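Visitor: take a look and give me a structure for this.
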Amino acid sequence: MNSDSYDLIVIGGGPAGYAAALYGAAGGLSVAIVENNKVGGTCLHRGCIPAKELLETAGIYRSVGRAEEFGIQAFSEGIDFSVAQQRKDKVVDQLYKGLSGIIRSRGITTIAGTAQLVGQGKVSIDKERIISGKDVILATGSVPRTVPGFEVDKNIVVTSDELLDIQQLPASMMVIGGGAIGCEFASMMADFGVKVTLVEVMEQLLPGCDAEVSNIVTRSFKRRGIDVLLGTAVVGHTPLDGTAIPENGIKKVVPKENSPVGTTVKLNDGNEIQVEKVLVCVGRRPFSDFGLGEDMGKGIGVEVDKKGFVTVDDFMRTTVSNVWAAGDIVNSPQLAHVGFAEAIVIVKSILGESVIPVDYSKVPWCIYSHPEVAFCGMTETAAVQAGYDVVVQKDPFAANSRARIIGETDGLVKIIAERNADGSAGKLLGVHMVGPWVTEQLGQAYLALNWEAYPDEIAQFIQPHPTLSESFGESMLRLSGRGLHLG
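Guide: Below you'll find the model as predicted:
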C-alpha cells in the first residue's frame, strides 16, 4: 500500500468539502480531498447550479410569453429542451473546470476513490491505499429521500437527480413534496408548459416559511395553473401498463414496449391522478454510509444519530479527536452556503484562530421558484411563540416603482422586530421576502439582522432609486416612525 501524510484530509468534494480544502490551503495546510465522483458535489452537478440554470431558462421562456405587454412582437414555437440541457451542461462544466483549476492552484491533492475512515487519522481509499492526516473532515453530503411505494425507477418515478438530465419534457407531472426543492421544480415545469400537480402533506407550502409568504406563493402557483394539494399524502401508484407495485415499493418498473406512458397515483383522500412522471422531493438524507454506521463503524467511535447525521459540537467536532464534520452530513440547514460557513469554522479551529460558531437561527434562505422567496431569522409566529412582543411591517412590491417597470408586482417585504417599551420598533428578529429577485436582495437584510441593528439605524442608509431593494429601505423608514412613500 502507498502511504501519504497530510495536515488535513477532506472526505467529499462538495461545497463543505472543497471550501474546507481551499480555506485550509490558504491557511498554509497541506490538504488532500478524496472524492468518488467530481469535485463540486451535488450542488454543482446534480442540485443548486443545474436546477437554477434550468429555472433561468424557464424564466426566459416565461418572459418571451409576455413580451407583447412591452410592445414587443415575439413568437415562440416552443422549447428545444435538448438545447436547454446542453446549455445547462456547459455552465456546469465551466464551473467544474474553474473549481478544479482553483484547487490545483492552491496545491491541494485530489484523490479519486471511495474513502473509509479507519481510525487514528487514517483513511482507506477503495481498500487499496491508506493516507493519513493530522485532522480529517467528513463532508460526504446527502442523497434524495424516497417515499414508500414510490421506488425510483428513473423512468416514471424520479428524484431531482434524474429529472435534471431528462431530454424531453413530460406532458404532466406530480411533484411529491412542497418544500424548497419541490416548489422550485413545480414552478420550473409549469413555466415549461408541463401540467403540474403539487402534493404536500402539511397544510402549507414551504413548511417553516412565514405563513404569509407561503400563502402568496400558493396563490401565485394556482393562478399559473399548478394544482396545489395541501394536507394531502400519496399512498401508492399503478403504472399505466398495468404493472403492480407492491406495498414496499421495491419492484422496478420497466415499461413494456408500446405501453402507455405514466402512472396513476392514489391519494389518501381516495382520489386518483394520472401523470406521465412523478418527482419525489421529500428532502435529502445524510450520506454517512462509508464506515460510520453501526456495523462498519465499530471501533472508530464517530457517533451517528438515528437519522444518520454525524454528531458534532458547536465547532463541528465529532466524538473522535481531530475528526470533524460539515455540510449535509450534520444536522444543520442543508444549504451550500451553510457548508461553506461550517468549513471555515473547522479550519479556523484547526489553525487555533479565533472563531465564532455558525448561528443557524439567522442563516439566509433562498428559494428560486416564481415568485422567489428569501428570508432570515424568525417568522412572525415563531417570534410570538418565543415570547416576543413584536412589531410587524409589510410593504408590497405593488408599491415599488421598479417592480411596476418590470411587471412583477406580486409579493412583499415583511419585517419582524421586537417592540420596545415605548412601542417603537427595536431589534430586528426576522426578514421575509417574496417577489421579484428577492434572492438578490436579502444580503442587506441578513447583515442588518446579524449585526442586531435597529430600524432607525438601517433607515439612515440611502437606497438607490428605482430599485427593488427600496422596499426594504421603505420598511425601515416606516418602522422608525416615518415612511417616505407609503406613510
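Visitor: where does the prediction get shaky in this structure?
Guide: Within the chain, the stretches with pLDDT under 70 are 1-3, 242-260, 290-299, 486-487.
Visitor: residue nearest the centroid of it?
Guide: Centrality entry for the chain: nearest residue to the mean C-alpha point is residue 335, 5.2 Å, by Cα atoms, centre = their mean.
Visitor: next, the contact list for the residue nearest to residue 406 when sequence neighbours are not counted, please.
Guide: For residue 406, the nearest residue in space outside its immediate sequence neighbours is residue 436; the separation is 6.3 Å by Cβ to Cβ, 6 or more residues apart in numbering. C-betas here are computed from N, CA, C, even on glycine. Residue 436 is in contact with 371, 372, 397, 403, 406, 408, 411, 468, counting by Cβ atoms under 8 Å, 6 or more residues apart in numbering.
Visitor: roughly how far apart are residue 436 and residue 402?
Guide: 8 Å (Cβ to Cβ, to the nearest Å).
Visitor: can you list residues touching both of the two?
Guide: Residues touching both residue 436 and residue 402 by Cβ under 8 Å, 6+ apart: residue 468.
Visitor: would you mind listing which of the contacts of residue 436 are buried?
Guide: For those, a neighbour count by 16 or more other Cβ atoms under 10 Å gives the buried set as 371, 372, 397, 403, 408, 411, 468.
Visitor: what is the helix ranked longest in the chain packed up against?
Guide: Using DSSP state H to define each element, the chain has its longest helix at helix 81-105. In terms of contacts (3 or more Cβ pairs under 8 Å, 6 or more residues apart in numbering; DSSP states H and E), helix 81-105 is packed against helix 15-26, helix 41-45, helix 48-65, strand 109-112.
Visitor: so what strands line up beside the shortest one?
Guide: Under the criterion DSSP bridges, strand 109-112 sits next to strand 31-35 (parallel) in its sheet.
Visitor: residues in contact with the partner strand?
Guide: The contact list for strand 31-35, computed with Cβ under 8 Å, 6+ apart, reads 4, 6-13, 17-18, 21, 24-25, 39, 103, 106-113, 115, 123, 125, 131, 133.
Visitor: related to what we said a few turns ago, what would the buried ones among the contacts of residue 436 look like in CSV with secondary structure and distance to residue 74?
Guide: Supplementary listing: the buried ones among the contacts of residue 436 in CSV, determined by DSSP: H, G, I helix; E, B strand; the rest coil; distance: Cβ to Cβ, whole Å:
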residue, secondary structure, distance to residue 74
371, coil, 23
372, strand, 24
397, helix, 25
403, helix, 22
408, coil, 18
411, coil, 25
468, coil, 24
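Visitor: which one of the residues you listed is nearest to residue 47?
Guide: Nearest to residue 47 out of these is residue 372 (Cβ to Cβ; 17.3 Å).
Visitor: and that closest one, what is it in contact with?
Guide: 366, 433, 434, 435, 436, 437, 438, 439.
Visitor: those helices in the stretch 151-300 of the chain, which residues are they?
Guide: Ranges of helices within the stretch 151-300 of the chain are 160-163, 180-191, 211-223, based on DSSP state H, counting those that start in this stretch.
Visitor: so which of those helices gets nearest residue 235?
Guide: helix 180-191 (17.9 Å).
Visitor: and the closest one with helix 48-65, angle?
Guide: On the basis of axes from the mean of the first three to the mean of the last three Cα atoms, to 10 degrees, helix 180-191 is oriented at 30 degrees to helix 48-65.
Visitor: show me how this protein divides into domains.
Guide: Segmentation of the chain into domains, based on automatic domain parsing, reads 3-144+285-360, 157-282, 371-479.
Visitor: from the chain's centroid, how far away is the longest one?
Guide: The chain centroid and the centroid of domain 3-144+285-360 are separated by 13 Å, computed with Cα atoms, centre = their mean, to the nearest Å.
Visitor: I figured residue 22 hits residue 101, correct?
Guide: No. With contacts defined as Cβ atoms under 8 Å, residue 22 does not count as touching residue 101, sitting 11.8 Å away.
Visitor: with neighbour numbers in mind, choose between those two.
Guide: When neighbours are counted by other Cβ atoms under 10 Å, residue 22 and residue 101 differ, and residue 22 comes out ahead with 23 against 10.
Visitor: burial count for the residue nearest to the more buried one when sequence neighbours are not counted?
Guide: Among residues not flanking residue 22 along the chain, residue 106 sits closest, at 6.0 Å (Cβ to Cβ, 6+ apart). Counted with other Cβ under 10 Å, the neighbours of residue 106 add up to 14.
Visitor: tell me how far residue 106 lies from residue 351.
Guide: Computed with Cβ to Cβ, the distance linking residue 106 and residue 351 is 15 Å.
Visitor: go on, residue 473?
Guide: Applying Cβ to Cβ, one obtains 39 Å for the distance of residue 473 from residue 351.
Visitor: how about residue 44?
Guide: With distances defined as Cβ to Cβ, the gap from residue 44 to residue 351 amounts to 27 Å.
Visitor: ok, now residue 266?
Guide: Distance from residue 266 to residue 351, counting by Cβ to Cβ: 56 Å.
Visitor: from the contacts of strand 31-35, which would you call buried?
Guide: Of all the contacts of strand 31-35 considered here, the ones buried according to neighbour count by 16+ other Cβ under 10 Å are 4, 6-13, 17-18, 21, 24-25, 39, 103, 108-111, 115, 123, 125, 131, 133.
Visitor: show me the contacts for residue 286.
Guide: 140, 141, 142, 307, 308, 309, 310, 328, 329, 330, 331 are the contacts of residue 286 under Cβ under 8 Å, 6+ apart.
Visitor: let's see that with 10 Å instead.
Guide: 138, 140-143, 292, 304-305, 307-310, 325, 327-331, 334 (Cβ atoms under 10 Å, 6 or more residues apart in numbering).
Visitor: great, nothing more from me.
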